[in-house]
Each structure stands twice: as structure tokens, then as C-alpha cells.
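Colleague: What follows is a predicted protein model with its sequence.
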Amino acid sequence: MTEPAFSVSMAADDADVAAAQRLRYRVFVEELGGDGPLVDHRARRERDPFDPVCRHLVLRDMTRPEGDRVVGAYRLLDQAGAARIGRFYSEDEYDLSALRTSGRRLLELGRSCLHPEYRGGLAMYHLWNALAEVIRADGIDILFGVASFHGTDVTRLAGPLSILHHRHRAPAALRPVARPPQGIAMDLLAEDRIDRPAAMRRMPALIKAYLRLGGTVGQGAWVDHQFNTTDICLLVETDRLTDRGRAIYARPRP
């Protein structure tokens, strides 16, 4: 593959948002088997009601043919956008009362995805560097959002879910709580019964990346049959980023 020439920016118009939705369709619908009432299968666009009140961060590889350049995307929902639609996306799955009453400035991240050809390289770092600029400009205190394991058979996810519960839960004063009836406990195994190497192999790369940044998780997981995923709620307090995380966010774009 030709060396990529990355460019990252906020979506400027409906065409940019549509390009991000087409990438989301490829990842969340075709690859992961998700669906939803607003998914446009004819146009191959994964959409939902939150898109109009969000900002969309898009990563392009300018060496690709025009019309097929978007290879990464993030969706950003701030408190003003959440007020316009009446809730954060995560609130369908998690009680966010602790976050909402914290007095902290919040930014919800969602629909994070990369084209399959760009995973495991520098693409995510370009998105994170652009996200760092948003954090600084908007004075964000806490990043949060749902992240997913593929599949809804929680017995197969007992190891990684249990590690998250025992070692990475958010402080009680900030901790989101999974809503019933699809909310489930994550302490499926006692800590001394977890095969840690095997469990970490089953942990999605994005979740491991946020843990390396100092991320923590809410109480319980939420089984999303519509998207064929098991979700957790991740939080990152921007003033408590790990040293490694600060290095990532401070790194100038190549």
C-alpha cells in the first residue's frame, strides 16, 4: 500500500458527514453485523438521530481516490448538543447522573472507527492528536462514551469483563451505571480465577488503548442486541492522563 498522506478535520458539510457514515456502515453494519432504524442500506450509510447535533471528526488518506478518502471517524457530542437532543447517546444504556452532577465539562466520544487497512498503525494517533486540540480549545475535563466487544454471549467475555470490573472501575463519584434489563454485572469471575493473558487477548484494541491513557470504566456492561455488541462505558479524566497518554496527546502530527 502507498504510504498514506493523512489529513484530519471536522466535517464541514453534509457530504463530509455522509462519507463518515459510509465508513461506519462498512465497519458497524457489514463487518460487525449491526443495524438500526435509520441505517440506509441502499446508500450504505450508518445513521442515527444523534448525527445532526454532533461534530464529526474525519481522517482522510489523500492518496486514495476522491470519494473514498475517509478512513477514520469519531463522533463528538458536547453538553450543548446533548441539551438540544435531550440526552447523551450513552444514556440509553447507562445512568450518567454522577457525571452530570459532577460540575465537570463533558465530551462524549462515539462511533469511533477505522478502515480495516489502517488499523494498528498511525491512523488512530492522527485522530487522537486532533481530539487533543478539541480538548484544549473547549476546556474538556472528562471524555466518556461506550466502547464495544463484538458479540452478545457474555460467558465468552467473562475474562476481560471481570478484569475491567476488578481493576479499572471509575471512582464512585463519577461512575456510570448500566441500566436494566440489558445491563449486566461484569464481575463474572473472581479476580484470582482470571486467565489474564487470555483475557487481554480478547480485549478490543480501542479499549486497551484507553486503559493505557488512564481510562476507567462504569459499573456493569450493557448487551446491545441491535448492534450485536456488549458495551462498556469508558471515562478519561483529562487532568489525570497517564504520562504515556500525555505524550500521545502532545505529540505533533507527522
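Modeller: That came through, no problem.
Colleague: burial count for residue 58?
Modeller: 23 (other Cβ atoms under 10 Å). (Each C-beta comes from the backbone N, C-alpha and C, glycine too.)
Colleague: Actually, residue 197.
Modeller: Neighbours of residue 197 under the rule other Cβ under 10 Å: 8.
Colleague: Kindly report the same for residue 12.
Modeller: Counted with other Cβ under 10 Å, the neighbours of residue 12 add up to 10.
Colleague: Is it in a helix, a strand, or coil?
Modeller: Recorded secondary structure, residue 12: coil (DSSP: H, G, I helix; E, B strand; the rest coil).
Colleague: Can you check the pLDDT for it?
Modeller: pLDDT recorded at residue 12 is 97.
Colleague: And it, how close does it get to residue 49?
Modeller: Going from residue 12 to residue 49 by Cβ to Cβ, to the nearest Å gives 21 Å.
Colleague: tell me the SS of the residue of the chain most remote from its centre?
Modeller: Largest separation from the mean C-alpha position in the chain: residue 192, at 29.2 Å (Cα atoms, centre = their mean). Of the three states, residue 192 takes helix according to three-state DSSP.
Colleague: Also residue 180?
Modeller: Residue 180 is classified as coil under three-state DSSP.
Colleague: burial count for it?
Modeller: For residue 180, the count of nearby residues is 9 (other Cβ under 10 Å).
Colleague: for residue 100, same thing?
Modeller: So residue 100, with other Cβ under 10 Å, has 15 neighbours.
Colleague: what about the stretch 1-150 of the chain, any weak spots by pLDDT?
Modeller: Within the stretch 1-150 of the chain, the stretches with pLDDT under 70 are 1.
Colleague: tell me which residues form a beta bridge with the closest residue to residue 78 other than its chain neighbours?
Modeller: Spatial nearest neighbour of residue 78, chain neighbours left out: residue 107 (5.5 Å); criterion: Cβ to Cβ, 6 or more residues apart in numbering. Beta-bridge partners for residue 107, by DSSP bridges, are residue 78, residue 143.
Colleague: Isn't residue 107 up against residue 139?
Modeller: No. Under the criterion of Cβ atoms under 8 Å, residue 107 makes no contact with residue 139, lying 9.9 Å away.
Colleague: more neighbours, those two?
Modeller: Applying other Cβ under 10 Å to residue 107 and residue 139 shows that residue 107 carries more neighbours, namely 23 against 9.
Colleague: Which parts of the stretch 101-250 of the chain are strands?
Modeller: With DSSP state E, counting those that start in this stretch, the ranges of strands along the stretch 101-250 of the chain come out as 106-114, 142-150, 177-178, 183-184, 216-217, 221-224, 229-237.
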